[in-house]
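Novice: Mind looking at a prediction? Sequence and model below.
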Amino acid sequence: DSGAGSPLGGQGQAEGSVGRKEDTVPEWAELVQTLSVNYEHLNQVKIVERLPNLRKASFAHNELQDVDELAPCLWLEELSVEDNHITNLDGLRPLQMLKKLDASHNHLSDLGALLSLVTLTQLSLESNSISSFASLTQLVHLYELYIGNNTVSDLQEIDSLK
């Protein structure tokens, strides 16, 4: 096995690793708690599958179309995916520890996936295509919300977020 297609970009297995499972997490990967990969034209973030203790991540200003690959990051507390091409946040549903999310400057219209993120305290959804924020009333711990430059048709709906 050459390992050339591995998420970590390895060029082969190290000596003494014969018989090692392909999905084994390297020791160093268990130590990574913060990852910032911005402005790199990324269209996928498969490497996070190999970072079981990731707490903070930023993939801002890339070319991501979804966040499905982030679903295994159960310890993630802060995430920035601003300025990508994301159309839904479904991959974030399992992230029950998430407190801060910046998904501004994307192509979001539906916020249904956020309903399971009950620990959110800060949320930025500026410059998307969101027409309704009614579902956010269920996020009772939310104290910072940025929603400018969207397509909200009923301004009374925003009043109910207080």
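Specialist: Now that the structure is in, tell me what you want to look at.
Novice: how about the strands in this protein?
Specialist: 34-36, 56-58, 78-80, 100-102, 122-124, 144-146 (DSSP state E).
Novice: Give me the helices and strands touching the fourth one, please.
Specialist: To tie it back to what came earlier, the one meant is strand 100-102. When contacts are defined as 3 or more CB pairs under 8 Å, 6 or more residues apart in numbering; DSSP states H and E, strand 100-102 packs onto strand 78-80, strand 122-124. Glycine gets a C-beta too; all of them are placed from N, C-alpha and C.
Novice: Give me the residues contacting it.
Specialist: Applying CB atoms under 8 Å, 6 or more residues apart in numbering, the contact partners of strand 100-102 are 60, 77-82, 92, 114, 117, 120-124.
Novice: try 7 Å
Specialist: Here strand 100-102 makes contact (CB atoms under 7 Å, 6 or more residues apart in numbering) with 77, 78, 79, 80, 81, 82, 120, 121, 122, 123, 124.
Novice: same question, the first one
Specialist: Strand 34-36 is contacted from outside by 51, 54, 55, 56, 57, 58, using CB under 7 Å, 6+ apart.
Novice: Next, the buried residues of it.
Specialist: Using 16 or more other CB atoms under 10 Å as the test for burial, strand 34-36 gives residue 35.
Novice: where are the low-confidence patches of the protein?
Specialist: Scanning the chain for pLDDT under 70 picks out 1-23, 160-162.
Novice: wait, isn't residue 90 in contact with residue 113?
Specialist: Yes: using CB atoms under 7 Å, residue 90 is in contact with residue 113, at 4.8 Å.
Novice: Mind checking which of those two has more residues around it?
Specialist: Shown here are residue 90 and residue 113; by other CB atoms under 10 Å, residue 113 has more neighbours (17 against 13).
Novice: one step back: dump the contacts of strand 100-102 into TSV; add distance to residue 65 and neighbour count as well.
Specialist: Below are those laid out as TSV (distance: CB to CB, whole Å; neighbours: other CB atoms under 10 Å):
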residue	distance to residue 65	neighbour count
77	24	18
78	21	16
79	16	25
80	16	20
81	11	25
82	14	22
120	22	22
121	27	15
122	24	15
123	21	24
124	19	19
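Novice: count of residues packed around the closest residue to residue 44 other than its chain neighbours?
Specialist: Using CB to CB, 6 or more residues apart in numbering and skipping the chain neighbours, the partner closest in space to residue 44 is residue 69 (6.2 Å). Per other CB under 10 Å, the neighbour tally for residue 69 reads 17.
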